[in-house]
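Trainee: need a structure here:
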Amino acid sequence: MEEAKEVVRKGPIIWLTKKLLNHIDSWTYEDTAAWVSCMNWRARLFFNEKEKFAKRLEVLEQVYDETGQQPASLPQAELDKLLKPYKPGWLQVGVVSFPNDIMGAAIIIIAIWYHSGQS
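Mentor: Modelled structure (predicted):
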């Protein structure tokens, strides 16, 4: 029940992440398309995130084929090492997340300003 609530709140990325980490052997092209559609539009448009995700997926599938281990059963340090070449750089992180941070700050400032004028 709790998982269903998370899917409703956050969308399909919840069950896609669970499938990616625990059932990579049943991952499909449709899952990849759904995963990429959940990504930030700036990541998809400016940084070709679909191709980068496909490369990360290929690495994880290769590990599964060679060892039989699902990504969730790998130590975090090993996952970090395997996926490091495909990790977003500082520019991508800034471009993708910075506008969201600015928008959030602007909403808070406007709300404070509005409520301070109501007193």
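
Trainee: what about the helix ranked longest in the chain, distance to the chain center?
Mentor: Longest among the helix segments of the chain by residue count, using DSSP state H, is helix 90-118. Averaging C-alpha positions (Cα atoms, centre = their mean, to the nearest Å) puts helix 90-118 21 Å from its chain's average.

Trainee: what does the domain assignment say about this protein?
Mentor: Domain assignment for the chain, taken from automatic domain parsing, gives 2-87, 88-119.

Trainee: Mean neighbour count, those domains: which tops it?
Mentor: Among these, domain 2-87 has the highest mean neighbour count (mean count of other Cβ atoms under 10 Å), at a mean of 14. The way it works is simple: take the backbone N, C-alpha and C, and place the C-beta from them, glycine included.

Trainee: so where's the chain shaky on pLDDT?
Mentor: 3-10, 99-101, 118-119 (pLDDT under 70).

Trainee: Which residue ranges of it form helices?
Mentor: Per DSSP H, the chain carries helices over the ranges 2-10, 13-22, 29-38, 41-47, 49-67, 76-83, 90-118.

Trainee: Need the residues that contact stretch 79-90.
Mentor: Contact with stretch 79-90 is made by 43, 47, 52, 55-56, 59-60, 63, 71, 74, 96, as judged by Cβ atoms under 8 Å, 6 or more residues apart in numbering.

Trainee: I misspoke; the intended subject was stretch 97-106.
Mentor: By Cβ under 8 Å, 6+ apart, the residues outside stretch 97-106 that reach it are 40, 42.

Trainee: Dump that stretch to PDB, keeping only the CA atoms.
Mentor: Extracted in PDB, the C-alpha atoms of stretch 97-106 (Å, rounded to 0.1, in the frame of the first residue of the first chain):
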ATOM      1  CA  SER A  97      18.900  21.800 -10.900                       C
ATOM      2  CA  PHE A  98      19.700  25.500 -10.500                       C
ATOM      3  CA  PRO A  99      16.600  26.800 -12.200                       C
ATOM      4  CA  ASN A 100      14.400  24.700  -9.800                       C
ATOM      5  CA  ASP A 101      16.300  26.100  -6.800                       C
ATOM      6  CA  ILE A 102      15.800  29.600  -8.000                       C
ATOM      7  CA  MET A 103      12.100  29.000  -8.600                       C
ATOM      8  CA  GLY A 104      11.700  27.500  -5.100                       C
ATOM      9  CA  ALA A 105      13.500  30.400  -3.500                       C
ATOM     10  CA  ALA A 106      11.400  32.900  -5.500                       C
END
